[in-house]
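Participant: return atomic coordinates for the entry below.
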Amino acid sequence: MSTSNQKITKEMLESIAKTFCVAHQGDDDARLAQALVYNAGRLAWRMREAGISTKQKTSVSDVVTEADEAAEFLVSHVLETLRPDDGILGEEGSSHASASGKTWVIDPVDGTYNFASGSDYWCSALALCTGDPSQPDEVILGAVHRPAMGYTWFGGPQFPTTRDGKKVAGITDAEAGQICLASYIHPTWVANDELMGHWRRVTELFATVRMLGAGSVDLASVADGTLGCWMQHSVKDWDWLPGKALVEAAGGVTAEVPAGGVVWKIAGAPTAVEQMKEALNR
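Facilitator: From the prediction side, this is the model:
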């Protein structure tokens, strides 16, 4: 499908979703998840190439585009058709109660500020979990597609993490001082001395720190060994669950640690994560 020199309409999205459903109606959850993030990511990419506008949500750096909304519409519309009993929770407002006990958690464009600014460091991501997504009983799978690189990461408890269908080498255990930390701290939190004290104690453990602006790309990169560990506070379910599944399925560990008045989500090499937990709890 080409979107050059034209805007995507609801009718076009419904047609795309219908065609997708016909092609994927027999897919199991694993195949469906990978196909959904791939198509959502490619749709957003093509829409950006055709030209998009940006709206602020809560701040200059918290934005949404038509591409976010279109990609989430596509994913949620497909799931409502192919998985009508499953729940849906989307960053851009898609919501559907679960009758099956399973919920799909959707981040149509993770790293929207990067996306809207022309950067290639963004992705489409989703997770499938049981129970309340804020405290899931199980994260069944996570899938992340980064269009600029063509990568699709996939993994879960029953699915060793892969990138483009090939099993990743797995997370090598290491101390924090030997590896890289990916993190993010919004400028509005820098004046909070208690919170920043915890953040500094953790970052000082590592060989180097990167702040790149797309949590699911970061976590997928931890899973495939490109990055060592990851840390961020007050993380939304759609920014956490896809990457959590990938990291754990690659042999890493994840944790949630209250410190400084917030909850930090951390992930990566087991020894380094223990060091991070100790630093946060000091």
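Participant: just the buried residues of stretch 216-223, please?
Facilitator: 216-223 (16 or more other CB atoms under 10 Å). In short, each C-beta sits where N, CA and C put it, glycine included.
Participant: contacting residues for residue 194?
Facilitator: Contacts for residue 194 (CB atoms under 8 Å, 6 or more residues apart in numbering) come out as 260-261.
Participant: try it again with 10 Å
Facilitator: Contacts for residue 194 (CB atoms under 10 Å, 6 or more residues apart in numbering) come out as 259-262.
Participant: same check on residue 35?
Facilitator: Applying CB under 10 Å, 6+ apart to residue 35 gives the contacts 20, 23-24, 27, 78, 143, 145, 152.
Participant: in stretch 251-269, what's buried?
Facilitator: For stretch 251-269, burial by neighbour count (16+ other CB under 10 Å) applies to 251-255, 257, 259-260, 262, 264-269.
Participant: could you identify the most distant pair in the residues you listed?
Facilitator: Greatest spatial distance among the buried residues of stretch 251-269 (CB to CB): 251 and 260, at 29.0 Å.
Participant: got phi/psi on residue 263?
Facilitator: Dihedral angles of residue 263 (phi, psi; degrees, to the nearest 10) stand at phi -110, psi 120.
Participant: so the residue nearest to it when sequence neighbours are not counted bridges to which residues?
Facilitator: Sequence neighbours aside, residue 256 is the residue nearest to residue 263 in space, at 5.5 Å (criterion: CB to CB, 6 or more residues apart in numbering). Counting by DSSP bridges, residue 256 is bridged to residue 265.
Participant: surely residue 256 and residue 264 touch.
Facilitator: Yes. Using CB atoms under 10 Å, residue 256 is in contact with residue 264, at 7.1 Å.
Participant: ok, residue 129 to residue 119 distance?
Facilitator: Residue 129 sits 29 Å away from residue 119, going by CB to CB, to the nearest Å.
Participant: which residues touch the residue nearest to residue 146 when sequence neighbours are not counted?
Facilitator: Using CB to CB, 6+ apart and skipping residues adjacent in sequence, the residue nearest residue 146 is residue 123, 4.4 Å away. Contacts for residue 123 were tallied using CB under 10 Å, 6+ apart; they are 37, 40-41, 44, 107-111, 114-115, 143-149, 151-153, 214-218, 220, 242-243.
Participant: can you give me the pLDDT of residue 123?
Facilitator: We have a pLDDT of 98 for residue 123.
Participant: and it, how far from residue 135?
Facilitator: Taking CB to CB, one finds residue 123 at 24 Å from residue 135.
Participant: poorly predicted segments of this structure, please.
Facilitator: 1-6, 54-64 (pLDDT under 70).
Participant: the helices in it, which residues?
Facilitator: Using DSSP state H, the helices of the chain run over residues 10-24, 29-50, 66-82, 112-117, 193-203, 215-223, 237-249, 270-281.
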